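1. Structure for the following, please:
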Amino acid sequence: MGNICRSPTAQGVFTQWVHKNKLSHRFEIDSAGTHAYHVGEPPDRRSQAAALRRGVDLSALRARRVVPKDFEHYDYLLAMDRDNYQSLIQQAPQYAHKVRLFLTFAPHLPAEEVPDPYYGGANGFDHVLDLIEAAAQGLLAALLPDLDVQHPS
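-> Numbering: from 1, shown residues only. Modelled structure (predicted):
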């Protein structure tokens, strides 16, 4: 929603997967919130700390809100939960085919939504990272056939 926890974490993790597989030149990766609560702010310090423990640096990221041109520009708009999914669809119903729940790329997980860790304890940020890492790997694997590239390492 505010682009300071889940979405920047997903941006950082997916960027790392893409970089690790030497595909940075093939992707443009960004994150944005559906609300303007934290525009211009860095990711939540707890998100940053949890990600950094896993080698992902989120410190350069800044929150922004989804803008209309995002729907035209990006191939995928990935929502962390159903509320944000519905918000994206309502903003641009003509681009509904581009909007998906992020965890659809991790069908082996029992969850369909990435929970918001903002009001929970520190363990919530690690749980979110577990979910995001699985979905980021699944997303990259799903996109590779279109890129004519081998499965990620």
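2. drop to CA atoms for contacts and neighbour counts, all remaining ones
-> Fine.
3. Tell me how far the residue nearest to residue 8 when sequence neighbours are not counted lies from residue 108.
-> Of all residues not flanking residue 8 in the chain, residue 31 sits nearest, at 5.8 Å (C-alpha to C-alpha, 6 or more residues apart in numbering). The gap separating residue 31 from residue 108 is 24 Å, by C-alpha to C-alpha, to the nearest Å.
4. Name the residue in those two with the higher neighbour count.
-> Using other C-alpha atoms under 10 Å, the more surrounded residue of residue 31 and residue 108 is residue 31, with 22 against 11.
5. Who are the contact partners of that one?
-> By C-alpha atoms under 8 Å, 6 or more residues apart in numbering, the residues touching residue 31 are 3, 7-8, 10-11, 63-64.
6. go with 6 Å
-> Counting by C-alpha atoms under 6 Å, 6 or more residues apart in numbering, residue 31 touches 7-8, 11.
7. pLDDT and neighbour count added to these, as a markdown table?
-> Below are the contacts of residue 31 laid out as a markdown table (pLDDT from 0 to 100; neighbours: other C-alpha atoms under 10 Å):
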| residue | pLDDT | neighbour count |
| --- | --- | --- |
| 7 | 98 | 24 |
| 8 | 98 | 25 |
| 11 | 98 | 19 |
